[in-house]
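*Asks:* Just the structure for this:
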Amino acid sequence: LPGEPDAPTAARSRRELLAMVLCAALAAVAIKVPSLFGIDMANEDDSLFYVPNLSLFTLPMLAAYFAWKRGVDRKVIGVLAALFALGAIAANSYPLDGGSQSIILTAIHLPIALWLVVGVAYVGGDWRSDRRWMDFIRFTGEWAIYFALLAMGGGVLTAFTAGTFEAIGLSAETFITEWLLPCGGVAGVIVAAWLVEAKQSVIENMAPVLTRVFTPLFAATLLAFLGAFVWTNNGIDVERDVLILFDLLLVVVLGLLLYAISARDPAARPGLFDGFQLALVISALLIDALVLLAITGRITEFGFTANKTAALGENLILLTNLAWSAWLLIGFVRGRMPFVRLEVWQTRYIAVYAIWAWTVVFIFPPVFGFA
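*Replies:* Residues are numbered from 1 along each chain as shown. Predicted structure coming up:
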């Protein structure tokens, strides 16, 4: 995997491989440490510990890998350690009940906050560089693809492990559920990141193609939804599962936009694909506005809860980003605005996501209660 043994960069590639293996092994060990203190993932009551803490078992090791690779100074290492310690405090300091909405909100928002901490290590402490943050956005998209591929391969491995041992009268269920899946999952986060860094020439041909395939398809889907909404005049159901679905849809749209921006040559002239992007962003913007109206009506009728407030805040954040992105895209497509302004806007807006994620993790539990 590190490449040809006689290549000029072979020695560094081997060092990076060993560093990755060490960090992945530490992540695999970390997720088993709680079991030494009687906190068992298979126990339903103990599983509440793992839900908000899951990202803390692997993302610190990923940040350590990038900190080593980028050669960051001690000040940056101190900042990274402090932020991860803050995340651990946020996940474990509140006496949350099993049915508390804040547990799920923490489980969703803490990984987002800590992933952006990993971004600080990725950019080598140069957090004021728009270009480096755009590289991190590109890395995030590529990492997601590699991790998904590893997960699918892991699923096949798991199925064969269970089947072959079952054929000789042995059950591998305990090994799979208590060792293979948790240890392989957290280690896979590190491995996927290393693969992106080590094999960029391979993935660069994959991710842009997927983006170009799915951008027009998602645009057509959203436009069809808007057409059906107008034709039927049916309101949007604002139950929790529906809100999650719409939020995930808008996040996917934003992800397609971000990755297309990061993979594009800023000096290239506007083309047909830019028109598809504009249609995607405008349709997502309209859907976000409809969802916001539905959420506002629900809050007006039944009052604020942690879930509704989180959904309201996230949709407002997405609405602002999509609105200004649409304005910048219109200016670019019409030849009145340089593409680089869209890049700068997205990298500066990362701070808004980070602030909101930490707000949900720290402020929501005492405000909305622990039960």
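
*Asks:* From now on I want contacts and neighbour counts done on CA atoms only, so please keep to that.
*Replies:* Fine.

*Asks:* List the buried residues of the helix or strand that residue 14 is a member of.
*Replies:* Element membership for residue 14 (DSSP states H and E) is helix 10-30. Neighbour-count burial for helix 10-30, with 16 or more other C-alpha atoms under 10 Å as criterion, is recorded at 13, 16-17, 19-30.

*Asks:* show me the residues around residue 31 that make contact.
*Replies:* By C-alpha atoms under 8 Å, 6 or more residues apart in numbering, the contact set of residue 31 is 54, 57, 182-183, 186.

*Asks:* can you list those residues in JSON lines and add distance to residue 128?
*Replies:* Below are the contacts of residue 31 laid out as JSON lines (distance: C-alpha to C-alpha, whole Å):
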{"residue": "54", "distance to residue 128": "29"}
{"residue": "57", "distance to residue 128": "28"}
{"residue": "182", "distance to residue 128": "36"}
{"residue": "183", "distance to residue 128": "35"}
{"residue": "186", "distance to residue 128": "30"}
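
*Asks:* ok, back up a step: need the worst-confidence member of the buried residues of helix 10-30.
*Replies:* Among the buried residues of helix 10-30, residue 13 has the lowest pLDDT, at 78.

*Asks:* so how far is residue 197 from it?
*Replies:* Per C-alpha to C-alpha, to the nearest Å, residue 13 is found 10 Å from residue 197.

*Asks:* Show me the shaky parts of the stretch 251-371 of the chain.
*Replies:* Along the stretch 251-371 of the chain, the parts satisfying pLDDT under 70 run over 370-371.

*Asks:* Now find how far off-centre the helix or strand harbouring residue 300 is within its chain.
*Replies:* Per DSSP H and E, residue 300 falls inside helix 272-302. The offset between the C-alpha centroid of helix 272-302 and the centroid of the whole chain comes to 21 Å, using C-alpha atoms, centre = their mean, to the nearest Å.

*Asks:* And whatever helix or strand comes next after that helix, what does it pack against?
*Replies:* Downstream of helix 272-302, the next assigned helix or strand under DSSP H and E is helix 306-333. Counting contacts by 3 or more C-alpha pairs under 8 Å, 6 or more residues apart in numbering; DSSP states H and E, helix 306-333 packs against helix 101-122, helix 240-263, helix 272-302, helix 340-368.

*Asks:* Same question for helix 306-333: list its buried residues.
*Replies:* 306-312, 314-315, 318-319, 321-323, 325-326, 328-330, 332-333.

*Asks:* Where do the helices of the stretch 51-200 of the chain begin and end?
*Replies:* In the stretch 51-200 of the chain, the helices defined using DSSP state H, counting those that start in this stretch lie at 59-70, 74-92, 101-122, 130-167, 173-175, 181-198, 200-203.

*Asks:* Let me see the contact set for the residue nearest the centre of the chain.
*Replies:* Geometric centre of the chain, nearest residue: residue 112, 6.1 Å, by C-alpha atoms, centre = their mean. Counting by C-alpha under 8 Å, 6+ apart, residue 112 touches 354, 357.

*Asks:* And the pLDDT at it?
*Replies:* Residue 112 carries a pLDDT value of 94.

*Asks:* Tell me the spacing between it and residue 151.
*Replies:* Applying C-alpha to C-alpha to residue 112 and residue 151 gives a distance of 20 Å.

*Asks:* Residue 341: which of the helices of the stretch 51-200 of the chain is closest?
*Replies:* helix 130-167 (10.5 Å; C-alpha to C-alpha).

*Asks:* chain center to the closest one, what's the gap?
*Replies:* With C-alpha atoms, centre = their mean, you get 13 Å for helix 130-167.

*Asks:* cool, stretch 180-196 as well?
*Replies:* 15 Å.

*Asks:* How about residues contacting it?
*Replies:* Outside stretch 180-196, the residues that touch it by C-alpha under 8 Å, 6+ apart are 17, 20-21, 23-25, 27-29, 31-32, 57-59, 61-62, 139, 142-143, 146-147, 150-151, 158, 203.

*Asks:* Dump that stretch to CSV, restricted to CA.
*Replies:* Listed next in CSV are the C-alpha coordinates belonging to stretch 180-196 (Å, rounded to 0.1, in the frame of the first residue of the first chain):
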residue,chain,number,x,y,z
LEU,A,180,-15.0,-6.8,15.1
LEU,A,181,-17.7,-4.1,14.6
PRO,A,182,-16.7,-1.6,17.3
CYS,A,183,-13.0,-1.9,16.9
GLY,A,184,-13.1,-2.1,13.1
GLY,A,185,-15.5,0.9,12.9
VAL,A,186,-13.3,3.3,14.9
ALA,A,187,-10.1,2.1,13.3
GLY,A,188,-11.7,2.5,9.9
VAL,A,189,-12.1,6.2,10.5
ILE,A,190,-8.3,6.5,10.7
VAL,A,191,-7.6,4.1,7.8
ALA,A,192,-10.0,5.9,5.5
ALA,A,193,-8.2,9.2,6.2
TRP,A,194,-4.8,7.6,5.5
LEU,A,195,-6.1,6.2,2.2
VAL,A,196,-7.3,9.6,1.1
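
*Asks:* ok so, going back, could you identify which of the helices and strands packed on helix 306-333 is most buried?
*Replies:* helix 101-122 (a mean of 22; mean count of other C-alpha atoms under 10 Å).

*Asks:* how far off helix 74-92 does that one point, in degrees?
*Replies:* 170 degrees (axes from the mean of the first three to the mean of the last three C-alpha atoms, to 10 degrees).

*Asks:* Helix 101-122 vs helix 59-70, what angle?
*Replies:* Interaxial angle, helix 101-122 versus helix 59-70 (the same axes, to 10 degrees): 10 degrees.
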